[in-house]
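> I'll drop the sequence and a predicted model, then ask my questions.
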Amino acid sequence: MRFDSRAGSWPACYALLVGALLLAGCAGDPKPPPEPPVRQRAIEAETSGVARYVRGDYGTAIRLFSEAARLQQSLDDGGAAARNQLNRARAELALGQAQDTLNHASEVGDGPLLVRALLLQLQANLALGRFDPASELLAHMEKLCPYGCPERGSFLLLRARVALTDRNAKQALVDAEAALSILKGQQEERETANALRVIAAARLALGELSTALVAAQAALEIDRQLALPEKIARDWMMVGDIHHRAKRASDAKSAYQRAQSVAQAAGLEDIVRLASEAIVEKSQ
Amino acid sequence: MSILIEQDSDVALLHRGTRRFLLVGALATVLIVSAIFLRQGMFRQTASLGFVTTSALDINEGQSVKIAGFRVGSVEAVTLRADGQVEVRLEIDADYMRFVTRDAVIELRKEGLVGSAILEIIPGPDKTRLAASDSKLPFVRADTLTAMALSLRDKVMPILGDIKAITGALGDPRHGLPATLAQVRETTASLNTLLQTGNRQVEDVGQAATGVLSKAEQSLVRLDETVDTVKTRLPTLLDKTQRIVDHVEKVTADAETSVPPMLRDGGEAAAGAREIITGAKSVWPVKNWVDPPPSQKLKADSDPRAEVVREVR
């Protein structure tokens, strides 16, 4: 038997080599299978709702979250439906519809989202000025959200706010600083600004005006970066209050005027009225 | 002996074939690697541009950068700065820097309706001053298809709502057009009765006055003639009014049947458009360009209206 080394072996090897190179070039992570149409619509509605919420278009966000919740419920995905229900409640709270928030957050029962639902109920009660139910919810949540719970920072901030309304500024400061240390390193800019604002309010109540001013200005800086007009205006109001307590009338007036101009541009009539009153009463 | 010589020549042939194969393989590999390097722009002279934005949404490393629709470079790096801003650095073919003016703007837009996101450098009006390498340019985002669709929907929905409300008001049997028509009919009947009563009274007065004053009689006769004229013309007028009213009633009835299907058609058209876009997204190769929307989560915000300021005041 004769062995012929030239007959067809090297073109085959060459083709194999090129094929292997092409396969290596085309190789990549396979795309996941597409979502079914209804679930895709639900996800799109939720994503658009989040985008609208971030932009401050809370009315449209409410509509989109409701649609997403309805679609997810139709797919028997109770968890996703509850998540959208809570998103809707949050948008309602941001729009000032605290009673609607309370109603919708109460509809979410036991489950992984219970702590978030209770946090929203707590916020809604605070917004409605119902401090007794808020205190009861706090006591209930203390067991549900111990140290290590993802919502611990928000819980501590709400506890600090309740303490502030009870004129217990020291406890409020302790809770707010604990919340800030938890939030440090997390990408939660809004909540970090909230923590700084509560710290500023607590230090203002304790008469520690210089540190209060630093905290308020830090909160203002974050809110300006996040482009949240209502918070910017209220931060300026707090800066004005701190200057007023420090008997710096011209600085206080300037801060109130900034709050007034921001609120006027954003159509926030309540804050415009508050700022106008403060300019007249506290800047003298 | 001859068998051994034949085997030696076979071995030599095999060695030669192996060398040729290895040589050709090495050459092919070098060519492919060179082509990849050339494609990746390793041998090109490049310049760097950059911009700063608040979010890296839809911006990825390797993303195309275009000028007037031509690919001129790519996104080299996307980094999150300490102040939370996102810094994006672009690598541009140095040849194309002659199109990048100092007042140029970088815009993030989609290729076509459902294409992938690209960065387009839009040169400014001042062509005399060119941007230097490593300079920072302003950045804007073009409206996405979803944003445009939502915006359009937001504008159209109130109009459809108004049309529905108007149609509903017209069709309301208690306060709408049917009730108004019923009232018109009732008023017309009352007017007829009033005219008949008036006629009778005028005739009575005429009879009573006949024997008393001839001038008054003449006047009453003239008045009677006038009333007769009115009596002959008024039914025609009332008929015309009735026809107009009937016509309006018919138009309203038609609208009641035709407008709701129009509204439904509008909804079906919107659903159809959505279906087309959804279908296009699922067809190769479009599906490879469109990533499924990521599930997003709202960031924590325990005080969305900064009410703590109000609470402590």
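All right, it came through fine. None of these values were measured; they are calculated from a predicted model.
> please name the residues that touch A:Ile62.
With contacts defined as C-beta atoms under 8 Å, 6 or more residues apart in numbering or on different chains, A:Ile62 is in contact with A:88, A:91-92, A:95. Bear in mind the C-beta positions are built from the backbone N, C-alpha and C, glycine included.
> same thing but at 10 Å, please
Residues in contact with A:Ile62 (C-beta atoms under 10 Å, 6 or more residues apart in numbering or on different chains) are A:49, A:52-53, A:87-92, A:94-95, A:97, A:100, A:104.
> could you list which of these also contact chain B?
When contact is defined as C-beta under 10 Å from any C-beta of the partner chain, these meet chain B at A:49, A:52-53, A:87, A:90-91, A:94-95.
> in helices, which of the contacts of A:Ile62 appear?
A:49, A:52-53, A:87-92, A:94, A:100, A:104 (DSSP state H).
> picking that back up, let's have the ones next to chain B among the contacts of A:Ile62 in CSV, adding pLDDT, neighbour count and distance to A:Val239.
Putting the ones next to chain B among the contacts of A:Ile62 into CSV (pLDDT from 0 to 100; neighbours: other C-beta atoms under 10 Å in any protein chain shown; distance: C-beta to C-beta, whole Å) gives the following:
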residue, pLDDT, neighbour count, distance to A:Val239
A:Gly49, 93, 28, 33
A:Arg52, 91, 21, 30
A:Tyr53, 90, 25, 27
A:Asn87, 95, 26, 32
A:Arg90, 95, 26, 27
A:Ala91, 95, 29, 28
A:Ala94, 92, 19, 22
A:Leu95, 91, 18, 25
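> now those in CSV, with distance to A:Ala117?
Formatted as CSV, these follow (distance: C-beta to C-beta, whole Å):
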residue, distance to A:Ala117
A:Gly49, 18
A:Arg52, 22
A:Tyr53, 17
A:Asn87, 11
A:Arg90, 11
A:Ala91, 15
A:Ala94, 16
A:Leu95, 18
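> nearest to B:Arg19, of the residues you listed?
Nearest to B:Arg19 among the ones next to chain B among the contacts of A:Ile62 is A:Gly49, at 67.3 Å by C-beta to C-beta.
> B:Glu61 and chain A, how far apart?
The gap separating B:Glu61 from chain A is 15 Å, by C-beta to the nearest C-beta, to the nearest Å.
> which other helices and strands contact the longest strand along chain B?
Longest strand of chain B, by residue count under DSSP state E: strand B:70-80. Identification of packing neighbours for strand B:70-80 by 3 or more C-beta pairs under 10 Å, 6 or more residues apart in numbering or on different chains; DSSP states H and E yields strand B:46-53, strand B:64-67, strand B:86-93, strand B:117-122.
> name the element the residue sitting nearest the centre point of chain A belongs to?
The centre of chain A sits closest to A:Arg190, judged by C-alpha atoms, centre = their mean, with a distance of 5.3 Å. Here A:Arg190, judged by DSSP states H and E, is contained in helix A:189-206.
> ok, that helix near chain B or not?
Yes - between helix A:189-206 and chain B, judged by C-beta under 10 Å from any C-beta, the touching residues are A:189-195, A:197-198, A:200-202, A:204-205.
> dump these to CSV, plus pLDDT.
Listed next are the residues of helix A:189-206 next to chain B as CSV, based on pLDDT from 0 to 100:
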residue, pLDDT
A:Glu189, 90
A:Arg190, 92
A:Glu191, 93
A:Thr192, 94
A:Ala193, 95
A:Asn194, 95
A:Ala195, 95
A:Arg197, 96
A:Val198, 96
A:Ala200, 96
A:Ala201, 96
A:Ala202, 96
A:Leu204, 95
A:Ala205, 95
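> report the buried residues of the helix holding A:Arg190.
A:189-205 (16 or more other C-beta atoms under 10 Å in any protein chain shown).
> now the helix or strand encompassing B:Met148: buried residues?
Here B:Met148 sits within helix B:145-171, counting by DSSP H and E. For helix B:145-171, a neighbour-count test (16+ other C-beta under 10 Å) marks B:149-150, B:167, B:170-171 as buried.
> and which of these is nearest chain A?
Chain A lies nearest to B:Leu150 out of the buried residues of helix B:145-171, by C-beta to the nearest C-beta, at 6.4 Å.
> can you list the weak-confidence ranges in the stretch 51-200 of chain B?
B:113-114, B:144-147, B:174-175 (pLDDT under 70).
> how does it look with 90?
B:54-58, B:68-69, B:71, B:81-85, B:93-99, B:101-103, B:108-117, B:123-135, B:140-200 (pLDDT under 90).
> please list the residues of it that sit near chain A.
Residues of the stretch 51-200 of chain B lying near chain A (C-beta under 10 Å from any C-beta): B:54-55, B:57, B:80, B:83-85, B:144, B:146-147, B:149-151, B:153-154, B:157.
> so which two of those are the farthest from each other?
Put simply, by C-beta to C-beta the two of those set farthest apart are B:Asp83 and B:Met157, 39.6 Å from each other.
> pretty sure A:Ala201 is touching B:Val309, no?
Yes - look at A:Ala201 against B:Val309 with C-beta atoms under 10 Å: they come within range, at 6.9 Å.
> shared neighbours, those two?
A:216, A:219, A:238, A:241.
> quick check: B:Glu120 touching B:Val105?
Yes - between B:Glu120 and B:Val105 there is a contact under C-beta under 10 Å: 9.0 Å.
> the more surrounded of those two?
Legend: neighbour count by other C-beta atoms under 10 Å in any protein chain shown for B:Glu120 and B:Val105, higher for B:Glu120 (18 against 15).
> so who does that one touch?
B:64-69, B:72, B:105-109, B:111, B:142.
> for B:Val65, what are its contacts?
B:49, B:71-76, B:90-93, B:96, B:106, B:118-121.
> mind running it again at 7 Å?
B:Val65 is in contact with B:72-75, B:90, B:92, B:119, B:121, counting by C-beta atoms under 7 Å, 6 or more residues apart in numbering or on different chains.
> once you drop chain neighbours, what's closest to it?
The shortest distance from B:Val65 to any non-neighbouring residue, by C-beta to C-beta, 6 or more residues apart in numbering or on different chains, is to B:Gly73 (4.3 Å).
> residues near the one you found, how many?
Residues lying near B:Gly73 (other C-beta under 10 Å) number 25.
> out of the helices and strands packed on strand B:70-80, nearest to A:Val174?
Using C-beta to C-beta, these put strand B:86-93 closest to A:Val174, at 35.0 Å.
> so after that closest one, what's the next helix or strand?
strand B:105-110.
> report the buried residues of that following strand.
Neighbour-count burial for strand B:105-110, with 16+ other C-beta under 10 Å as criterion, is recorded at B:106, B:108-110.
> quick one: those residues as CSV, columns for distance to A:Leu164 too.
Listed next are these as CSV, based on distance: C-beta to C-beta, whole Å:
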residue, distance to A:Leu164
B:Ile106, 45
B:Leu108, 43
B:Arg109, 47
B:Lys110, 47
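> tell me the pLDDT of B:Leu14.
We have a pLDDT of 91 for B:Leu14.
> and stretch A:54-71, how far from the chain's centre?
On the basis of C-alpha atoms, centre = their mean, to the nearest Å, stretch A:54-71 is displaced by 15 Å from the centre of the chain it belongs to.
> CA atoms only for that stretch - export them in CSV, please.
Coordinates of each C-alpha in stretch A:54-71 appear next as CSV, following Å, rounded to 0.1, in the frame of the first residue of the first chain:
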residue,chain,number,x,y,z
VAL,A,54,-37.3,59.9,37.1
ARG,A,55,-38.2,62.8,34.7
GLY,A,56,-40.8,64.0,37.2
ASP,A,57,-43.8,63.2,35.0
TYR,A,58,-45.6,61.5,37.8
GLY,A,59,-49.1,61.5,36.2
THR,A,60,-48.0,59.5,33.2
ALA,A,61,-45.9,57.3,35.5
ILE,A,62,-49.0,56.4,37.5
ARG,A,63,-50.8,55.4,34.3
LEU,A,64,-47.9,53.3,33.0
PHE,A,65,-47.4,51.5,36.3
SER,A,66,-51.2,50.7,36.5
GLU,A,67,-51.0,49.2,33.1
ALA,A,68,-47.9,47.2,33.9
ALA,A,69,-49.6,45.9,37.2
ARG,A,70,-52.7,44.9,35.3
LEU,A,71,-50.8,43.1,32.6
